[in-house]
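J.: Below are the sequence and a predicted model; questions follow.
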Amino acid sequence: MKAHSRAFTLIELLVVIAIVGILMGLLFPTLNRARHSAREKSCANHLRQLHLALMHYSRVYDGRFPVEPTEHNPHPHLVDALTREVGDALLPCFYCPEGVMMEPYARDTVRYLPTGQGDSVLDTPENRAAGNIGYVYWSFEENKPGWRNPTIFKPRILRDGKVFYLHPDDVGKDFSVSDTWLMTCFFRRKAPFPHGRSHAQGVNVLFLDGHITMVIGRPRDNYK
């Protein structure tokens, strides 16, 4: 007797599609969390490599780190100083792996403060040449107008283990651990932060002593 093949009925096919849809709906959040976790760890590794380069620089220059005009882009001196000491292989480390996600917020000149001022945080030849990086560098002479609150994120010169305030009212003051941020992920007021964990967002922070911590919540609340 000839065997007859049994095809799926329409209802059976729809049931299979529905089950696959449910499974994918359960799987996607897990995969998304794993992807963001991997990028967070990769970002921390970038900051770790930058710290090693900064320490190498400080050993050559009597404990000093490069000092930038502002805490915000561009950072041509920082990029040039570190790559001159350790080589161009360091260049990718200047960019957070979540840069693609942050780029629209960085470029937006309307919805996020300061309005009218955009930025780019992607690893591109143009940004490398201009010194635009994906991190904020906290050894700087003056606040970039509008980007940070100068009463919180105060201009300072960082050295190996030391903080020197530049504003006359702050010169000679003792510094706290929160004042020893060396580099952080890019952030912009009112915009989402690059990393997420347990339904909260934050930034990776490289401290002056070399340890790296995921700081949840608004950076200004953790900085002071």
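T.: Looks like it came in fine.
J.: On the C-terminal side of the helix or strand hosting residue 129, identify the next helix or strand.
T.: Per DSSP states H and E, residue 129 falls inside helix 125-130. Per DSSP H and E, the first helix or strand lying C-terminal to helix 125-130 is strand 135-137.
J.: Can you list the buried residues in the helix holding residue 129?
T.: If you call a residue buried by 16 or more other C-beta atoms under 10 Å, then helix 125-130 has these buried ones: 127-128. C-beta here means a position set from N, CA and C on the backbone, and glycine is covered the same way.
J.: List the buried residues of stretch 143-162.
T.: 143-144, 147-148, 153-156, 158-160.
J.: Pull the contacting residues for the residue lying closest to residue 80 once chain neighbours are set aside.
T.: Distances taken as C-beta to C-beta, 6 or more residues apart in numbering place residue 131 nearest to residue 80, at 7.5 Å, with adjacent residues excluded. Counting by C-beta atoms under 8 Å, 6 or more residues apart in numbering, residue 131 touches 73-80.
J.: which of these count as buried?
T.: Counted by 16+ other C-beta under 10 Å, the contacts of residue 131 give 73-76, 78-79 as buried.
J.: Name the weakest-confidence residue in those residues, if you would.
T.: Here the lowest pLDDT out of the buried ones among the contacts of residue 131 sits on residue 76, with 93.
J.: Check whether residue 103 sits in a helix, strand or coil.
T.: helix (DSSP: H, G, I helix; E, B strand; the rest coil).
J.: neighbours of it, just the number please.
T.: 16 (other C-beta atoms under 10 Å).
J.: try residue 59
T.: Applying other C-beta under 10 Å, we find 11 residues neighbouring residue 59.
J.: Show me the contact partners of the helix holding residue 129.
T.: For helix 125-130, using C-beta under 8 Å, 6+ apart, the contacting residues are 73-74, 76, 79, 91, 94-95, 120-121, 132-133.
J.: Can you list which of these are found in strands?
T.: Among the contacts of helix 125-130, no member falls in strands (DSSP state E).
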